[in-house]
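Trainee: just the structure for this:
(2 chains)
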Amino acid sequence: MSPASSRLLEVENLTVRFGSADPVRHLSFSVDRGETVAVVGESGSGKSLSALALMRLLPRNAQIPNGRITFEGTDLLKLSDRDIRKVRGREIAMIFQEPMTSLNPVATIGNQIVEVLRLHEKLSKKEARARAIELLNLVKIPDAEKRVDDFPHQLSGGQRQRVMIAIAVACKPKLLIADEPTTALDATIQAQILELLDELRRKLSMGLLLITHDLGVVSRWSDRVVVMYHGDKLEELPASELFSPDRHPYTRGLAQASIRLEDGVHYTSRTLSEIRVVKDANGHNDYQIRQPVPRDLPPVANDDEPILQVDGLSVTYRTRNRENRALDKATLTLAKGETLGIVGESGSGKSTLSKAIMRLVNAESGSIRFQGQEITGLGPNQLQPVRRDLQMIFQDRFGSLNPRKSIRDILEAPLIVHGVRDAAERRRRIDETFEHVRLPLSAADRYPHEFSGGQRQRIGIARALILRPSLVICDEPVSALDVSIQAQILNLLVDLKRDLGLSYLFISHDLAVVQYISDRVIVMKDSRIIEESDHKTIWRQPKTDYTRALIAAAAGGETRSRALAS
Amino acid sequence: MTTETAVTHAVSPIQSRASATQAEKPDASQWHNIKAPDARTTRTATVSVPAGRRELAAFLRNPNALFGLVFLSLMVAAALVAPLAFPGDPLGMVGKPFLWPGQEAAFPLGTDSMGRNVLAGLFHGARISLFVGLTATALGLGVGITVGSLAGYFGGWVDDVLVRIIEIFQTLPNFVLLVVLVAIAQPSATTVSVAIAIVSWPMVARLTRAEFRAIREKDYVVAARSLGFRHPRIIFKEILPNALPPLIVTASVMVATAILMESALSFMGLGDPNVVSWGSMIGNGRELIRTAWYLTFLPGLAIVFTVLALNLIGDGLNDALNPRFSEERS
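Mentor: Next comes the predicted model:
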């Protein structure tokens, strides 16, 4: 095969325009047959828009003022609407991030595959159904003959994503675009889905365009990487060189800011690098990497009475006809100044544990001692002083800040509720907390939607800190954030821990983050705590198979590219 | 090309190393990463507006809402000045019957089959129609929001009991219930308002309950609970403002529906026979619709425009109360 014909897709000088803004500028890259190319970038980098542009699926108010997208010799931008529809699904297929919403909930999965097949190919209903079962086998849905008549809600998240993939590859496309295909999935499932995509790429000799923010995924599963920032392509490089030191500063910054399990970084040994993009005098972006100076942290005081002691805590959710044991006899202790990490996949009961400790759900049995006081049976009035010391930071999915209140109102309300009557005093406390979380004071009179994800998370932290708590429960505080912002927030949490003498209960499904921030780690599975160990031992000598499986899924980031390089 | 230069410029390793070392110089402040900007920068609104003023400004900037407000004010003004502008009983016979609008200067909108002044009827009718519309809606909203928010917020047995009560009201046909209620009580503007409120609150309650059930699970409500906020504060300050959009739209429709229900009652002769309302005017004119269509058309027009004005105000209010939307308009 000559080099020219191995080229599947060639994007040249592509610009996407919305009104006066160009969220993608002069983007050029190519994908060969059977090759995996990854587009990496943080939110707002234009990576998803570029993917939509390839399928000509951009919103109506978007324009493509210049550029060419050549797919197998034809310029997709010049095709009529009718012709592009023939390309979509048959030649180029796409899978999306959210497997919960991209399947039609009222149609069986079999019929959804059949529909696609019969749209593009002349098949009888019977043949199409047989092909659908074949496809379900191909994406490794067990018992495909039976599951073909299932509805989406009967499948797990991972299985739904497999069905999405089955639909995407139904017509044997030459190019598959996967837009954050595993972001919404647990680590173990994530690895399986990526493995499946890679296998299908080889079997069907597809080109695969992988769009992601996860550098670990990129280095493991792709051949080449395109790095984007704010609509600009910064560089293109072989995946094996992603973590090598002589790259574009932004790439280096991303690589340093992302925490990988196998690096074994811990907050006591070093701070995380932060990327800073500054406009210089000529209006060009200047990418700076900086690593905040490591700070001295007081050692965890082990001799003191533990700040939190949970004993045999169980929670059962009851609906009319069903009981669900969400937490089963959880026991843990947390020393003053310590960070206890809790890992587990979705549904393992980690959020229920945090809510039970916060007394937001009622425990069925067991006891919670906080600062030496039994808080399990306290009524709302007695809980009030406890709440001041026990606070929570939420995962920000746009939902943790009341959209109708200004930031000042959000921060002032807890002070009012807790009896800070003096308005000047409240203002002083708010200003002080702003300084703690490094938000400009001008932010106070604005509303949540005016802030970026990272800033909103700072506001969430400010709300938790305004009452000066001693224990803060962090429920997935960084999982919705970009890596560079994740690094900033983690550094901030460490700083706050030192400056305000906080203890943390840190919940996350991301093992690398938990490894970085925790002094001790608890692993949860099926509503139970199955393993507990200090932060070094747990990664080196896991006691249970489950923990081993979790670590295996999260680590080994570079195996594939290493294999390719050798 | 600017992009090219930007990239080459940034790639220059000397440049970036220089800036990195510069950045590592100890900051003057005690914070290591003070004012660390996020990779994504957001537009900043520089003006800070005292609470309440922003909503008002946003509302007044909205031409539709302004039109609605002006029209409704005119209607209210008409209702208020009716006794001064048209002293005497609007039901009194003052001229020749069947004068068409414009036929005689004393009766700009003509007279009806009994020689009553149509314009005076419209002015006085506005009193009854607006009173009934606004009172019935206020009562219905009050009861409906209270019941719905309690049911939606607390759930459990509270919800069970309240939903049963709502269902009892909803299983009865609305208008039949209204007719029965009015037939039992003396027909007057007040009783008609109360009766309309009784048949219309269950819809509000259901809607409020559904909104509360959805918002109750949001993280900011959980955060409020974890901060030790009490139930009334969470219900009224955290949840209710976010549940308002559909309620405001419903409220403007409810005023309209109440005016129409009152009209329907008057049309059927179940309203207060001693006062004139837009509905009773339409009812009286209906037999003459082919010969003197203006008798039904004019009060009908008054109803249509009032309802339209209320809808516009409702939409405007809804947009103004939403910080996100009102900023986009500015």
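Trainee: please make it C-alpha for all contacts and neighbour counts, starting now.
Mentor: Noted.
Trainee: next, count neighbours for residue A:126.
Mentor: Using other C-alpha atoms under 10 Å in any protein chain shown, residue A:126 has 10 other residues around it.
Trainee: check which helix or strand it maps to.
Mentor: For residue A:126, the element it lies in under DSSP states H and E is helix A:125-138.
Trainee: which residues does that helix contact?
Mentor: Residues outside helix A:125-138 that contact it (C-alpha atoms under 8 Å, 6 or more residues apart in numbering or on different chains): A:110, A:111, A:113, A:114, A:117, A:118, A:144, A:145, A:148, A:163, A:166, A:170.
Trainee: can you pull the residues of the stretch 51-200 of chain B lying near chain A?
Mentor: Counting by C-alpha under 8 Å from any C-alpha of the partner chain, no residue of the stretch 51-200 of chain B lies close to chain A.
Trainee: in the stretch 51-200 of chain B, which spans are strands?
Mentor: With strands called from DSSP state E, counting those that start in this stretch, the stretch 51-200 of chain B shows none.
Trainee: contact partners for residue A:311?
Mentor: A:329, A:330, A:331, A:332, A:366, A:367, A:368.
Trainee: residue A:524 now?
Mentor: The neighbours of residue A:524, taking C-alpha under 8 Å, 6+ apart as the test, are A:342, A:343, A:344, A:345, A:348, A:349, A:350, A:530, A:531.
Trainee: separation between residue B:105 and chain A?
Mentor: In this view, residue B:105 and chain A are 54 Å apart by C-alpha to the nearest C-alpha, to the nearest Å.
Trainee: so where's the stretch 201-330 of chain B shaky on pLDDT?
Mentor: B:324-330 (pLDDT under 70).
Trainee: now the helices for it?
Mentor: B:219-226, B:231-233, B:240-267, B:278-285, B:294-321, B:323-329 (DSSP state H, counting those that start in this stretch).
Trainee: could you report the pLDDT at the residue in the stretch 351-500 of chain A that chain B sits nearest to?
Mentor: Per C-alpha to the nearest C-alpha, residue A:400 is where the stretch 351-500 of chain A lies closest to chain B, at 4.2 Å. At residue A:400, the model reports a pLDDT of 84.
Trainee: my guess is it is in a helix, correct?
Mentor: No: assessed by DSSP: H, G, I helix; E, B strand; the rest coil, residue A:400 does not belong to a helix; its assignment is coil.
Trainee: residues in contact with it?
Mentor: Going by C-alpha under 8 Å, 6+ apart, residue A:400 touches A:394, A:460, B:218, B:219, B:220, B:221, B:223.
Trainee: do that again at 10 Å, thanks
Mentor: Residues near residue A:400 by C-alpha atoms under 10 Å, 6 or more residues apart in numbering or on different chains: A:393-394, A:448, A:456-457, A:459-460, B:218-224.
Trainee: re the thing from before, residue B:155: which of the contacts of residue A:524 is nearest?
Mentor: Distances from residue B:155 to the contacts of residue A:524, taken as C-alpha to C-alpha, are shortest for residue A:349 (23.0 Å).
Trainee: next, count neighbours for the closest one.
Mentor: Neighbour number of residue A:349 under other C-alpha under 10 Å is 24.
Trainee: residue A:196 touches residue A:159, doesn't it?
Mentor: No: contact between residue A:196 and residue A:159 fails when scored by C-alpha atoms under 10 Å: they sit 11.7 Å apart.
Trainee: which one's more surrounded, the two?
Mentor: Just comparing residue A:196 and residue A:159: by other C-alpha under 10 Å the higher neighbour count belongs to residue A:159, 20 against 17.
Trainee: how about the residue nearest to the more buried one when sequence neighbours are not counted, what does it touch?
Mentor: Distances taken as C-alpha to C-alpha, 6 or more residues apart in numbering or on different chains place residue A:141 nearest to residue A:159, at 6.9 Å, with adjacent residues excluded. Contact analysis of residue A:141 by C-alpha under 10 Å, 6+ apart lists A:133, A:135, A:147, A:148, A:155, A:158, A:159, A:160, A:162, A:163, A:166.
Trainee: how much space between the residue nearest to residue B:279 when sequence neighbours are not counted and residue B:193?
Mentor: Leaving aside its sequence neighbours, residue B:279 sits nearest to residue B:263 (C-alpha to C-alpha, 6+ apart; 3.3 Å). Using C-alpha to C-alpha, to the nearest Å, residue B:263 is found at 12 Å from residue B:193.
Trainee: helices or strands up against the top helix by length along chain B?
Mentor: Looking across chain B with DSSP state H, the single longest helix is helix B:118-154. Applying 3 or more C-alpha pairs under 10 Å, 6 or more residues apart in numbering or on different chains; DSSP states H and E, one finds that helix B:118-154 contacts helix B:63-85, helix B:156-171, helix B:189-216, helix B:231-233, helix B:240-267, helix B:278-285, helix B:294-321.
Trainee: need the ones you listed in a markdown table with mean neighbour count, can you?
Mentor: Shown next, in a markdown table, are the helices and strands packed on helix B:118-154 (neighbours: other C-alpha atoms under 10 Å in any protein chain shown):
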| stretch | mean neighbour count |
| --- | --- |
| helix B:63-85 | 17 |
| helix B:156-171 | 14 |
| helix B:189-216 | 23 |
| helix B:231-233 | 13 |
| helix B:240-267 | 22 |
| helix B:278-285 | 24 |
| helix B:294-321 | 21 |
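Trainee: which one of those helices lies closest to residue A:425?
Mentor: The nearest among the helices and strands packed on helix B:118-154, by C-alpha to C-alpha, is helix B:231-233 at 21.7 Å.
Trainee: what about that closest one and chain A, touching?
Mentor: Yes: judged by C-alpha under 10 Å from any C-alpha of the partner chain, helix B:231-233 comes into contact with chain A through residue B:233.
Trainee: among the contacts of helix A:125-138, which lie within helices?
Mentor: A:110, A:111, A:113, A:114, A:117, A:118, A:144, A:145, A:163, A:166.
Trainee: looking at those residues, which is nearest residue A:25?
Mentor: Using C-alpha to C-alpha, the ones in helices among the contacts of helix A:125-138 come closest to residue A:25 at residue A:166, 33.0 Å.
Trainee: dump the residue contacts of that closest one.
Mentor: Residues near residue A:166 by C-alpha under 10 Å, 6+ apart: A:95, A:109, A:113, A:132-141, A:160, A:172, A:200.
Trainee: related to what we said a few turns ago, for the helix holding residue A:126, give the mean pLDDT please.
Mentor: Per-residue scores along helix A:125-138 average to 89.
Trainee: show me the residues around residue 152 that make contact.
Mentor: Looking at chain A here, since you left the chain open. By C-alpha under 10 Å, 6+ apart, the neighbours of residue A:152 are A:99-109, A:159-160, A:163.
Trainee: wait, I meant chain B there
Mentor: Counting by C-alpha under 10 Å, 6+ apart, residue B:152 has contacts B:146, B:158-159, B:162-163, B:205-216, B:235.
Trainee: leaving out chain neighbours, which residue sits closest to it?
Mentor: residue B:209 (4.2 Å).
Trainee: residue A:347 now?
Mentor: residue A:526 (7.0 Å).
Trainee: ok, residue A:482 next?
Mentor: With sequence-adjacent residues excluded and distances taken as C-alpha to C-alpha, 6+ apart, residue A:482 is closest to residue A:42, at 5.7 Å.
Trainee: just to revisit the earlier point, what is the nearest of the contacts of residue A:141 to chain B?
Mentor: Distances from chain B to these, taken by C-alpha to the nearest C-alpha, are shortest for residue A:155, at 24.1 Å.
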